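# Dropping a prediction and its sequence here:
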Amino acid sequence: MMSFYWDSNDALIQSVYYKVPYIELSSMLREKQNHMRPESILVGKKTYRFVSRPYQGKLPIVEKLSNIPLKTIQIFTEISAEVYYLNRLLWCISIGIGVGALLSIIAGYALARRALIPIQKVWEKQQQFVADASHDLRSPLSVVRGQTQILLRHPDHTIEEESAPISAILKETKRMSNMVDGLLLLARGDSHEEVISCTPVRIDVIIKEIAKKMEPIMDYKQLRVQLHVEGSELLMNGDENRLIQLFMILLDNAIKFTQVDGQIDLECIRQGKSVLVTVKDNGVGISEHELPLVFNRFYKGDSSRSRGDHGAGLGLSIARWIVDQHQGTVHISSGVGCGTTVKIRFPVIS
Ligand SMILES: Nc1ncnc2c1ncn2[C@@H]1O[C@H](COP(=O)(O)OP(=O)(O)O)[C@@H](O)[C@H]1O
Ligand SMILES: [Mg+2]
């Protein structure tokens, strides 16, 4: 740091700093004698910071340098190194901000894409769902329309004479209504509008009741049924109607896909803190490539199509929704010609 002293004639009194760059510096400082605030000036490639103050008359050593009274004291210091480092710092910060902004744009784009993937999947699923639903609703509708046109051709016929088209219409409307019920349940389940109301229920009693209800159909199809309920008072938190619906779906499949004289096993046993319900048949079974698809909405397997089965392919989707609502798990295993086993596990109330 150095000091410049100016007398009242604005002459610089400091004898040491008359050399370059101080000659140039001093001429610049001279013009800024009345600037009281600290300022920076650039001389050549060097930067100086200075401050000017009126001389207060307390420096006798300096006073000796001139006969004329002192007017101003200027104190300055070279800050080229600081300016250099500050510029470098500024440069680094600018590059950092640029790189950071670029990275955050890339990361934001990648994250947005990742976040959008599930939404896109749901959207595609929803579109597929609507397309499948419209397709499946169209076929019963065209049957109804066709049969009604047949009826209208003979307005003089009695109901008895036209019982065939009337029963076809009835069958199709029933099929349509089942499908719409299933669709509504799944749609309301998706939007969490449909929830189950849980109360403590005896799963063993439900299973026994269902087996009894299904007996006439199984007799009709000449199927043997084996019921095995182990332990009594198997209490779980559940919605009785939905549980009945669930086992009806599974038994309906077992009956549909088992040949005459086949066997269906219905088992309900307690395993630790859960209850395991098994519905097993020795029917046509499901091929390995179809097995992962059976829970998909509107999925109908080859066996279903070849039998002319009129199901909408919503049964197992509804079954899984009911199991999920009860915090349960469902597992299906099968092999072509070996039959199918569906295992459902629910937590029991201990
Ligand atoms: N017990 C079973 N034996 C053989 N195939 C089955 C069985 N249960 C389900 N499936 C296969 O899974 C498909 C879907 O079943 P599901 O969702 O219940 O449809 P749907 O509502 O038409 O009955 C059926 O078309 C059939 O191919
Ligand atoms: Mg079914």
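Happy to help now that I have it. The structure presented is a predicted model; accordingly, all values stated were derived computationally and were not measured. Ligands and ions are numbered 1, 2, ... in the order given.
# end-to-end on stretch 295-312?
Chord length of stretch 295-312, first to last residue, is 12 Å (Cα to Cα, to the nearest Å).
# In it, which residues are buried?
Neighbour counts using 16 or more other Cβ atoms under 10 Å place 295-301, 303-304, 311-312 of stretch 295-312 among the buried residues. Backbone N, C-alpha and C define where each C-beta goes, glycine included.
# ok, of those residues, which one's closest to Asn87?
Nearest to Asn87 out of the buried residues of stretch 295-312 is Asn296 (Cβ to Cβ; 64.2 Å).
# Spatially nearest residue to the closest one (excluding sequence neighbours)?
Leaving aside its sequence neighbours, Asn296 sits nearest to Ser317 (Cβ to Cβ, 6 or more residues apart in numbering; 7.0 Å).
# Next up, the contacts around that neighbour.
Ser317 makes contact with 182, 186, 295-297, according to Cβ atoms under 8 Å, 6 or more residues apart in numbering.
# got JSON lines for those residues, with pLDDT too?
Converted to JSON lines, those look like this (pLDDT from 0 to 100):
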{"residue": "Gly182", "pLDDT": "91"}
{"residue": "Leu186", "pLDDT": "90"}
{"residue": "Phe295", "pLDDT": "94"}
{"residue": "Asn296", "pLDDT": "91"}
{"residue": "Arg297", "pLDDT": "89"}
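# which outside residues touch stretch 320-332?
185-186, 189, 195-196, 198, 236-239, 242-243, 245-246, 286, 291, 294-295, 316, 319, 340-347.
# ditto for stretch 260-268
Contacts of stretch 260-268 (Cβ under 8 Å, 6+ apart): 203-204, 207, 210-211, 218, 221-230, 234, 251, 254-255, 258, 275-283, 339.
# 7 Å instead, please
203-204, 207, 211, 218, 221-229, 234, 254, 258, 275, 277-283 (Cβ atoms under 7 Å, 6 or more residues apart in numbering).
# Kindly report the same for stretch 241-251.
So stretch 241-251 is in contact with 196, 201, 206-207, 210, 214, 279, 315-316, 318-319, 322-323, 325, 342, going by Cβ under 7 Å, 6+ apart.
# Out of the residues you listed, which is nearest to Gly335?
Of the contacts of stretch 241-251, the one sitting nearest to Gly335 (Cβ to Cβ) turns out to be Val342, at 13.7 Å.
# And that closest one, what's its pLDDT?
Confidence at Val342, expressed as pLDDT, is 97.
# which residues sit in contact with it?
Val342 neighbours (Cβ under 7 Å, 6+ apart): 250, 279, 330, 332.
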